[in-house]
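Undergrad: take this sequence and fold it.
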Amino acid sequence: QVFATLILRENPLLLHNPEALATINKYWNNITYRDPAILPQIDLAYPPPRFSRDGGLYEDAFSLELDTDPQNVSILYTLDGSEPNIDNVNYSNALQRTNIYTKPISVKSRVGEANVFSLFVTANDVREWIPKWHPPKNEVFKVTVVRARAYDPRSKSYSKTVTNTYLVDKDIFSRYEKLPIISLVADYKDLFHPDFGIYTPGMLVNQKISLYAYSERIVPANIEFFEVGGEPGFNGLYEISLQGSTTRSNPQKGLNVVVNEWFGEGPIKYPLFANTGSKANQLTEFNRLILRSWGSSRDWPMIFSDAYHQTLLAGADIEIQDYRPVIVFLNGEYWGLHEIRQAIKNPDYFSSITGVDPVNPGFDILYSIENIVDEGDSENWEALVTFIKDHDLGDAGNYQYVRSQVDIDNFILYVIHCTFTGKRDW
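TA: Model (predicted):
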């Protein structure tokens, strides 16, 4: 492992000319802080393996067969969530162990297996009002994740990786009969490595654990979505990173999910919010989503309070983040309830509702009372704030100028909503 930072994302010429990256491609995964996490694949010589069964919910155990063309290449597979890699065959670390496929894989109920990933500590005690991390009281429910890709030992080249999740239990359809399911799969080192895993507890800053000192890394993860009843929704490789501010200190963290063309994936083409009451029910493609945990609910009696409060304005002329509650499995282990939330604080979303090009002229997006710039710059916003401070808004001309810069009616509705619902974190 090389502890270094290399950022190539800002160079679009490399994205569309991956051959220029050939000399560093095989070393890229050894760099600790790299962006993008995966380089474009060059000349994938072989198609990915074929699975005899699709991912989904099954009541009975079965044997999973893998095959590929041509027949003289090997199939590498893992059951721990890691990317299959020839260097990890018979690896001593049981969390990053690759197998060579020689016979059908037994896929069955995992009842009785010991907890593994759910035992990793994911939070430090930094604020008394933040829930403390505790290990599971009992065995958590587990599913089987199979990741596989073809490998040619002569050319040392790989195919694309295929990831499928199998939920096997005699009562599986009654166990999860009311909520959809997400299986999130990523390499152990990207999630839980003690030095740079994104779920690793906050780092020491001046001999103290900082509330926000969590990893800023963006890492690859396969996300598979199953509708209520087990119907497959989408399955692909996306970028994930920690979402929120204070929520990073929570044991169960929120995640940004972003489509990245460096990975070769297109938009998520699935109507996630088709049965909701907001404008989101018209959307069939997404480049960004949020997999949110508890947010600012803290010790509130209803953990989805923020999401519920937003749906109260689903029919109003104000932008909301629609949501769906979802059960999450992480590397095959039950990871609790989350929310799938619409991601609206980004240029892609604003472009879709305004028709304004996200690059030229683009958008200015700021957050926090410190006016931190997320996109564009803060010049126009700061100029408006200065104007409001320095001018009497009782003057009709001054007020009309402010109205030309701010959707006043929309702002009034927003303030009323936040006040009525007792929102603590604006």
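
Undergrad: name the SS class of Leu337, please.
TA: strand (DSSP: H, G, I helix; E, B strand; the rest coil).

Undergrad: oops, could you answer that again for Arg154 instead?
TA: Arg154 is classified as coil under three-state DSSP.

Undergrad: tally of neighbours for it?
TA: Counted with other C-beta atoms under 10 Å, residues neighbouring Arg154 total 7. In this view, the C-beta of every residue, glycine as well, is placed from N, C-alpha and C.

Undergrad: just Phe141 next, same as before
TA: For Phe141, the count of nearby residues is 18 (other C-beta under 10 Å).

Undergrad: would you verify that Glu382 is located in a helix?
TA: Yes: counting by three-state DSSP, Glu382 is part of a helix.

Undergrad: pretty sure it is touching Asn371, no?
TA: Yes: using C-beta atoms under 8 Å, Glu382 is in contact with Asn371, at 7.0 Å.

Undergrad: residues touching the residue nearest the centre of the chain, list them.
TA: By C-alpha atoms, centre = their mean, the chain has its centre lying nearest to Val257, at 3.2 Å. Counting by C-beta atoms under 8 Å, 6 or more residues apart in numbering, Val257 touches 221, 223, 238-240, 288-291, 343.

Undergrad: report the beta-bridge partners for it.
TA: Ile240, Leu289 (DSSP bridges).

Undergrad: how close does it sit to Val116?
TA: Computed as C-beta to C-beta, to the nearest Å, the Val257 to Val116 distance reads 24 Å.

Undergrad: burial of Pro153, as a residue count?
TA: Counted with other C-beta under 10 Å, Pro153 comes out at 10.

Undergrad: excluding covalently adjacent residues, which one is nearest to it?
TA: Setting aside the residues directly before and after it, Pro153 is nearest to Ser74 in space (C-beta to C-beta, 6 or more residues apart in numbering), at 6.5 Å.

Undergrad: I'd say the one you found and Ala150 touch.
TA: Yes: using C-beta under 8 Å, Ser74 is in contact with Ala150, at 7.1 Å.

Undergrad: and those two? Which one has more around it.
TA: More crowded of Ser74 and Ala150, by other C-beta under 10 Å: Ala150, with 27 against 16.

Undergrad: so what's the more buried one up against?
TA: Taking C-beta under 8 Å, 6+ apart as the test, what Ala150 contacts is 46-49, 68, 73-76, 158-159.

Undergrad: what does Ile268 give?
TA: Contacts of Ile268 (C-beta under 8 Å, 6+ apart): 234, 236, 238, 259, 285-287, 289.

Undergrad: about what we covered before: may I ask which two of the contacts of Val257 are separated the most?
TA: Using C-beta to C-beta, those span at most 15.8 Å, a distance reached by Ala221 and Ala343.

Undergrad: hang on, the earlier thing: which neighbours do Ser74 and Ala150 have in common?
TA: Counting by C-beta under 8 Å, 6+ apart, no residue touches both Ser74 and Ala150.
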